[in-house]
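J.: kindly generate the corresponding structure for this input.
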Amino acid sequence: MLVAAAVCPCPPLLVPEVAAGAAPELDATRAACADALAVVAAARPELLLVVGPASADGRGPHRAGARGSFRGFGVPLDVRLGTGEPQDRPLPSSLAVGAWLLDRVRWSGAPVEGLGVDERLAPERALAVGREIAARAERVALLVMGDGSACRTLKAPGYLDERATAFDALAARALGDADIAALAALDARLGVELKAAGRAPWQILAGAAEDVSLTGSLLHDDAPYGVGYLVAAWS
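T.: Numbers count the residues shown, from 1 in each chain. Okay, here's the model as predicted:
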């Protein structure tokens, strides 16, 4: 059963060493992520699952002890997802950022595992995955990694799309209100067109929360690089 969740964006720029001179620009986002994880820790879960978007080679489960790296971004920094035997398959970027966030707050609670998902995952399948996750233990928590649209400004990775602001606003309201129906109804095709990497992970959260009554709080909503960064906590 799902008892808590933290929703965080997953840009590698969250890691100060990657952001370098621009690191202070995301201090508020990092602080909000830490606050969201504090809510999860207070729920005392038996299992914490980190869910985030991944390319084909990073999809599927990642057991405790899986390693990730930011060396591809020019930074000699490695992370590990919880404790356990190292795995051959590296963490996708989103889960590596999640592992870094957990290291940053010195997570010492429940065992941690990861799940990399296809950004194009159909909503029905995302909801089903969420249900499966919630059934894994008596007290399950999620760290849900994923960005909003990447089309908020002319300089955004996806250029400017006038639909992006409304999409992100809808997602922000749903995450802040723990509105499962609104999350489940997010348009998957539009999410792909707007490069919203968080759409599928958010809908996995919706599936996991179907049989419980959780309260949500939106802790952060910004788009400093034309990409929607949302942080929320459910408990």
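J.: just give me the longest helix of the protein.
T.: Ranked by number of residues, the top helix in the chain under DSSP state H is helix 27-42.
J.: for the residue nearest in space to the middle of the chain, give its distance to residue 86.
T.: Central residue of the chain (Cα atoms, centre = their mean): residue 145, 0.9 Å from the mean position. Noted for residue 145: a distance of 21 Å to residue 86, by Cβ to Cβ, to the nearest Å. Using the backbone N, CA and C atoms, a C-beta is placed for each residue, glycine as well.
J.: ok, and what's touching the helix or strand hosting residue 51?
T.: Element membership for residue 51, per DSSP states H and E: strand 47-53. Outside strand 47-53, the residues within contact range by Cβ atoms under 8 Å, 6 or more residues apart in numbering are 10, 40, 81-82, 92, 94-95, 97-99, 102, 107, 109-119, 133, 136-137, 139-146, 197-198, 200-201, 204-205.
J.: next one: stretch 63-70
T.: In contact with stretch 63-70 (Cβ under 8 Å, 6+ apart) are residues 12, 15, 17-18, 77-87, 89-93, 95-96, 99-100, 111-114.
J.: how about that stretch: buried residues?
T.: Neighbour-count burial for stretch 63-70 flags 63-68, 70 (criterion: 16 or more other Cβ atoms under 10 Å).
J.: among those, which lie within strands?
T.: Those of those mapping onto strands are 67-68, per DSSP state E.
J.: so can I have JSON lines of the buried residues of stretch 63-70 showing pLDDT and distance to residue 235?
T.: Below are the buried residues of stretch 63-70 laid out as JSON lines (pLDDT from 0 to 100; distance: Cβ to Cβ, whole Å):
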{"residue": "63", "pLDDT": "94", "distance to residue 235": "26"}
{"residue": "64", "pLDDT": "94", "distance to residue 235": "23"}
{"residue": "65", "pLDDT": "94", "distance to residue 235": "27"}
{"residue": "66", "pLDDT": "95", "distance to residue 235": "26"}
{"residue": "67", "pLDDT": "96", "distance to residue 235": "30"}
{"residue": "68", "pLDDT": "96", "distance to residue 235": "27"}
{"residue": "70", "pLDDT": "97", "distance to residue 235": "30"}
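J.: closest to residue 232 out of the buried residues of stretch 63-70?
T.: residue 68 (23.2 Å; Cβ to Cβ).
J.: show me where the chain has helices.
T.: Ranges of helices within the chain are 16-19, 27-42, 93-104, 123-134, 164-177, 180-184, 188-193, 199-208, based on DSSP H.
J.: ok, residues contacting the fourth one?
T.: Helix 123-134 is contacted by residues 1-2, 49, 51, 115, 117, 121, 140, 142, 184, 186, 188, 200-201, 203-212 when judged by Cβ under 8 Å, 6+ apart.
J.: which among the residues you listed count as buried?
T.: Among the contacts of helix 123-134, those buried by neighbour count (16+ other Cβ under 10 Å) are 2, 49, 51, 115, 117, 121, 140, 142, 184, 186, 188, 200-201, 203-209.
J.: show me what contacts residue 197?
T.: Contacts for residue 197 were tallied using Cβ under 8 Å, 6+ apart; they are 10, 53, 94, 119, 146-147, 150.
J.: out of the residues you listed, who's the most crowded?
T.: Neighbour counts for those (other Cβ atoms under 10 Å) peak at residue 94, which has 32 neighbours.
J.: okay, that residue: pLDDT?
T.: Note on residue 94: pLDDT of 98.
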